[in-house]
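In: Dropping the sequence and predicted coords here.
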Amino acid sequence: MEFRSKRLTLISLLLAISLILSYIEILIPFSIAIPGFKVGLANIVIIYSLYTLSVYDTALISLVRVLIVSILFTSFMSLIFSLSGAILSLLVMYLLKRMNFGLIITSISGAIMHNVAQVIVAMILVDSVYMSAYMLPLLIIAIVSGCIIGIISGFIINRFKGYKYI
Amino acid sequence: MNYFKRKDLFLAIFIIIIVIIFLCLKSFINMKGDYVEVSIDGKVYNTYSLNDNIEEMIKSDYGYNILVIKNKQVFIKDADCENHTCMKEGKIKNGGEMLICLPHKLVVKIVEKEQKDGISF
């Protein structure tokens, strides 16, 4: 009983943090005008959860976060994009973690897959292969932001390791 | 927590190869462009010459975008979409470059030839 409520509290806490991070990300105005460009701050929570909790808990946090963010801050259109990106990136990150890859390369691959999913969805929605021209800038941005997010989440995971309440 | 592991190298090389492939593709596709092709929902809406100076309102079921062609540069002046990414994308002038408005499913692309029939790719 104690264990279940502890897990529930931890998941809710992480969900709240990821929502705040998503909100901060929306508040920061970016001058680079590439559709779909984001730093992916909420990915810190997802990586932390993936490496400390189970993959089911992480999927729960990720999906509920995407739903709430689209209801609160953005539109239905961005729900399709975020959902496809979240699912594909989580899947890839989980597989790479299972295959014992390093943290930073896992984070980078997750960011890349997030963008790949979004470009594919955009190609289907606009019905045009031209969308793939955005792949290159998004790929480079994903590598840079994935690296930063990976370093930050590694730092957080190491800090909280062995913390008796988690 | 390990930041790096030995086998990361293979994946990193794989990612770098993909980036290089995309870079090559981009420079390979880079072509001349004299016409501005506007398509909505995958179908060609209209084609304009890049040498003209026009300002036209493109209306569709999704909303409107005001397309401006001036001094061989193309940009979107105004739109009623929600994020205005198409306006922030700036001006395009080279072949293969494009402006995309996702909420309106609008693609503005600089193409080499004038295309009369609406082939959707």
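Out: Received the coordinates, thanks.

In: alpha carbons only for contacts and neighbour counts from here, please
Out: Noted.

In: ok now do the most centrally placed residue in chain A, which residues does it touch?
Out: Centroid-nearest residue in chain A: A:Asn43, 3.4 Å away (criterion: C-alpha atoms, centre = their mean). Contacts for A:Asn43 were tallied using C-alpha atoms under 8 Å, 6 or more residues apart in numbering or on different chains; they are A:Ser18, A:Ile149.

In: gap between it and chain B?
Out: Per C-alpha to the nearest C-alpha, to the nearest Å, A:Asn43 is found 16 Å from chain B.

In: where's stretch B:79-93 relative to the chain centroid, distance-wise?
Out: 11 Å (C-alpha atoms, centre = their mean, to the nearest Å).

In: in it, what counts as buried?
Out: B:Ala79, B:Cys81, B:His84, B:Thr85, B:Cys86, B:Met87, B:Lys88, B:Glu89, B:Lys91, B:Ile92, B:Lys93 (16 or more other C-alpha atoms under 10 Å in any protein chain shown).

In: Leaving out the residues flanking it, which one is nearest to the fifth one?
Out: Nearest-residue entry for B:Cys86: B:Cys101, 5.1 Å, with adjacent residues in sequence omitted and distances by C-alpha to C-alpha, 6 or more residues apart in numbering or on different chains.

In: Who does the one you found form a beta bridge with?
Out: Applying DSSP bridges to B:Cys101 gives these bridge partners: B:Leu106.

In: That one and B:Lys109 touch, don't they?
Out: No: using C-alpha atoms under 8 Å, B:Cys101 is not in contact with B:Lys109; the gap is 11.6 Å.

In: burial measure for A:Phe73, as a count.
Out: Per other C-alpha atoms under 10 Å in any protein chain shown, the neighbour tally for A:Phe73 reads 11.

In: Kindly apply the preceding question to A:Gly150 instead.
Out: A:Gly150 - counted by other C-alpha under 10 Å - has 26 other residues nearby.

In: For it, what is the enclosing helix or strand?
Out: Counting by DSSP states H and E, the element that carries A:Gly150 is helix A:135-160.

In: Please name every helix or strand in contact with that helix.
Out: helix A:43-52, helix A:103-126, helix B:8-29 (3 or more C-alpha pairs under 8 Å, 6 or more residues apart in numbering or on different chains; DSSP states H and E).

In: Buried deepest among those, which one?
Out: Most buried of those, by mean neighbour count (mean count of other C-alpha atoms under 10 Å in any protein chain shown): helix A:103-126, with a mean of 23.
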